[in-house]
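> can't give you the sequence, but here's the structure:
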């Protein structure tokens, strides 16, 4: 064990009274991601505390001091205190028993020291504990690995991965987020035990993948570990090395995908769209005169995306927006006001989602051969045009009209299926500058439309 007494971290002020309180009646340390991130200069606000006190005693002491305490994982020795509105997780020093199901230990017991508690953690850079007065505890060389940018499993890497299949995915997630390389034994264990991902729940996989895809080194992870990630999205396996014999492309399908992911903003929705936008190409490929063709690949990519969204239990709105982006990523849209307005009225596009589509289209273009990246400029141009339209409050959906269904009912029109048809027609005519977006003009035109339908 190595102790460092000269390292000073800045704790958020709201957690210091809790740490001081617990330390006065036991032994408390700041542990986990906060210590790691603070040491390397990453934003670190999520504080966890490891404590020698049993959970019941921690709850009693904190409740007596006026804190709201929630028994979030009391069976595992974990409680959550609300400190000035911030959740603060406090866990009793513990040791894990054997892992029999590749996910959970068969038993959890109390540990007597912080060193024993750190020994159960996944990676050395996460097996650090710090106290403002007692300094740093680093039993496994995590500080050195932080300095070298290395992710190393605590103890035997193969054993550590087999204990909990989520660690396989967490290894890639941390490497992507931190820009670290996996130590050789850890890397070998990740490849060897990738199939353990198959037993994880969709929700757990999705949480890790969202962070992985938004990491600073996502491209390197996608490039180095497609065999592992194919246990998350099996459909990507066919893309790896799949050639695109066309003047428009200089990369195979997977390498093109990686470039597109890297070129998009680090947000989960557009990163997932970038990952899946060409997933249907292998299934739709055919050759003609020595040239690759992928007719219908957006529709096939959509089918794959729906399967992925279902397997990973993506939230409904997120899934619907993701499917829209994948289906329409290759659409041709005139980069002018009329072209953008007509496109947006064909589907449930919000301005925010259209901006995301433009991000995807620009990144997709940048992943083409150098002479065929011009569509990136068009996508950026469309973003400018849409911004100008928004500044003038141009209508893009029925919600932007000066009237709605309630106004039509109040004006004496019968509710029913015709109402939707009338409102859609009003929107089209307003968007095409054939009708002013004014209440009286819209009501008058609505009356004409109802009369035309009745006749």
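Thanks, I have the structure now. Not measured: the values here are computed from a predicted model.
> residue boundaries of the strands in the stretch 201-350 of the chain?
Across the stretch 201-350 of the chain, reading from the start of the chain, the strands by DSSP state E, counting those that start in this stretch fall at 286-288, 291-293.
> ok, residue 204 - contacts?
Counting by Cβ atoms under 8 Å, 6 or more residues apart in numbering, residue 204 makes contact with residue 166. To be clear about C-beta, it is placed using only N, CA and C from the backbone, and glycine gets the same treatment.
> measure it to residue 210 for me?
Taken as Cβ to Cβ, to the nearest Å, the spacing of residue 204 relative to residue 210 amounts to 11 Å.
> so what's residue 366 up against?
Applying Cβ under 8 Å, 6+ apart to residue 366 gives the contacts 259-260, 263, 373, 376.
> ok, back up a step: now, of the strands of the stretch 201-350 of the chain, which is deepest in the fold?
By mean neighbour count, with neighbours taken as mean count of other Cβ atoms under 10 Å, strand 291-293 ranks first of the strands of the stretch 201-350 of the chain at a mean of 15.
> that one pairs with which strands?
According to DSSP bridges, the neighbouring strands of strand 291-293, each with its direction, are strand 286-288 (antiparallel).
> follow-up on the earlier one: out of the contacts of residue 366, which one has the weakest pLDDT?
Across the contacts of residue 366, no position has a lower pLDDT than residue 373, which has 92.
> burial count for residue 450?
With neighbours defined by other Cβ atoms under 10 Å, the count for residue 450 comes to 18.
> for it, helix, strand, or coil?
Taken by DSSP: H, G, I helix; E, B strand; the rest coil, the conformation at residue 450 corresponds to helix.
> which phi and psi does the closest residue in space to it that isn't next to it in sequence have?
Spatially, and ignoring its direct neighbours in sequence, residue 450 is nearest to residue 413 (6.1 Å; Cβ to Cβ, 6 or more residues apart in numbering). Dihedral angles phi and psi of residue 413 (degrees, to the nearest 10) take the values phi -80, psi 140.
> so residue 413 sits right up against residue 419, yeah?
Yes. With contact defined as Cβ atoms under 8 Å, residue 413 counts as touching residue 419 (7.0 Å).
> quick revisit: next, the contact list for the residue nearest to residue 450, please.
Neighbours of residue 413 in contact, by Cβ under 8 Å, 6+ apart: 419, 422, 446-447, 450.
> now, the most widely separated pair of those residues?
The largest distance within the contacts of residue 413, taken as Cβ to Cβ, falls between 419 and 447 and amounts to 12.7 Å.
> state the distance from the residue nearest the centre of the chain to residue 190.
Here the mean C-alpha position of the chain is nearest to the C-alpha of residue 210 (Cα atoms, centre = their mean), at a distance of 2.5 Å. Applying Cβ to Cβ, the value for residue 210 to residue 190 is 19 Å.
> same thing with residue 394?
To residue 190, residue 394 is 50 Å away according to Cβ to Cβ.
> neighbour count: these two, which is higher?
Regarding residue 394 and residue 190, a neighbour count based on other Cβ under 10 Å identifies residue 190 as having more, with 27 against 19.
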